[in-house]
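Q: quick one, fold the following:
(chains A and B)
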There are 2 protein chains.
Amino acid sequence: MTDKPKDPIRPTDDKARAQARFLINAARFAALAVLDPETGAPLVTRIALVPGPDGAPLTLISTLSAHTGALDANPTCSLLIGEPGAKGDPLTHPRLSMQAEAMPANKEALRQHYLNLYPKAQLYYDFSDFRLIRFAPRSALLNGGFGKAFRLTNGDLVAEQTQPNGLTR
Amino acid sequence: MTDKPKDPIRPTDDKARAQARFLINAARFAALAVLDPETGAPLVTRIALVPGPDGAPLTLISTLSAHTGALDANPTCSLLIGEPGAKGDPLTHPRLSMQAEAMPANKEALRQHYLNLYPKAQLYYDFSDFRLIRFAPRSALLNGGFGKAFRLTNGDLVAEQTQPNGLTR
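A: Numbering: from 1, shown residues only, chains lettered A, B, ... in the order given. Next up is the predicted model:
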């Protein structure tokens, strides 16, 4: 047995919070991990993503997809946010591993907000088999590059004074 | 209650198998979903990835990372393979959602294979806190773009006649 290595997590500061919020605001897609309702095993898929008015991410997903059924069975999930571009080392590109609870969002009230950020979705936004989901962050791990890891709370990521459906007051 | 929509999965054909193997062979990173050992919730992070000699993906991961501890506790995991480039719609870019079991691979025997495909790893390949892991596929969902979904088996993805450590005979 080797000694347990020391925790590589740094104390969270405003720069880390700003970087995490920047990643959420810039993302238009993400990897979503859910629990497979038949086996309990993880399943990771790609979804569309936009920041909600309070900073918590929103997605528009089809009831035909495997992840939607899984979130119905268990809303506990995780998002990987911050996709590398074509250039540079993907493992030094900043990214956020968020643990979250998926919950229904107000599709009608957030229609213009979503479509402003994701215009292409106007082709299917109003289809009845598409739902708007809000990811309420529980916690997140920010990897800002080698040796720059931070653990963030819900309060580090989301504005206060929001309603559960993702609307700001 | 609405009627349950029909299964959008198409019958698996050689073209789907070839596309899935192409995605695995081309990937140098992926999203990895594991189960958080403390909560059982999913956690998704980014890892390096190369195809193994038998087609099953390999990664070199640090024991300092959260996913390594999670895989020690439960090797059941999922990979999202097939990252979009800077251009085009990420949701129409083909990708593979694989469900897999993580297992130790022979780090010494696969050293040159890994470094040929991922030269930058020579900086840390031999560090004792880095392990080589093989992902033995259980099944996978190939999303080849809108309306082109396929369910694949281990046999669709990995060459026969391989040893458990990822070496071909």
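Q: going forward, measure contacts and count neighbours with C-alpha atoms only.
A: Fine.
Q: what parts of chain A come near chain B?
A: For chain A, the residues in contact with chain B (CA under 8 Å from any CA of the partner chain) are A:5, A:7-8, A:29, A:31-35, A:41-48, A:64, A:76-80, A:85-86, A:90-91, A:96-99.
Q: residues contacting residue A:75?
A: Contacts for residue A:75 were tallied using CA atoms under 8 Å, 6 or more residues apart in numbering or on different chains; they are A:34, A:101-103.
Q: could I get those residues as JSON lines with neighbour count?
A: Formatted as JSON lines, the contacts of residue A:75 follow (neighbours: other CA atoms under 10 Å in any protein chain shown):
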{"residue": "A:34", "neighbour count": "34"}
{"residue": "A:101", "neighbour count": "18"}
{"residue": "A:102", "neighbour count": "24"}
{"residue": "A:103", "neighbour count": "19"}
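Q: for residue A:67, give its distance to chain B.
A: The gap separating residue A:67 from chain B is 11 Å, by CA to the nearest CA, to the nearest Å.
Q: in this structure that residue contacts residue A:45, no?
A: Yes - between residue A:67 and residue A:45 there is a contact under CA atoms under 8 Å: 7.3 Å.
Q: quick check: phi and psi on residue A:15?
A: Phi and psi for residue A:15, reported as degrees, to the nearest 10, are phi -70, psi -40.
Q: give me the low-pLDDT residue ranges for chain A?
A: Applying pLDDT under 70 to chain A flags residues A:1-7, A:85-87, A:160-169.
Q: could I get the full set of helices for chain A?
A: Using DSSP state H, the helices assigned to chain A run over residues A:14-26, A:66-73, A:111-117, A:154-157.
Q: format those as JSON lines; extra columns: mean neighbour count.
A: Below are the helices of chain A laid out as JSON lines (neighbours: other CA under 10 Å):
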{"stretch": "helix A:14-26", "mean neighbour count": "18"}
{"stretch": "helix A:66-73", "mean neighbour count": "18"}
{"stretch": "helix A:111-117", "mean neighbour count": "16"}
{"stretch": "helix A:154-157", "mean neighbour count": "18"}
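Q: of the ones you listed, which is nearest residue A:53?
A: helix A:111-117 (7.8 Å; CA to CA).
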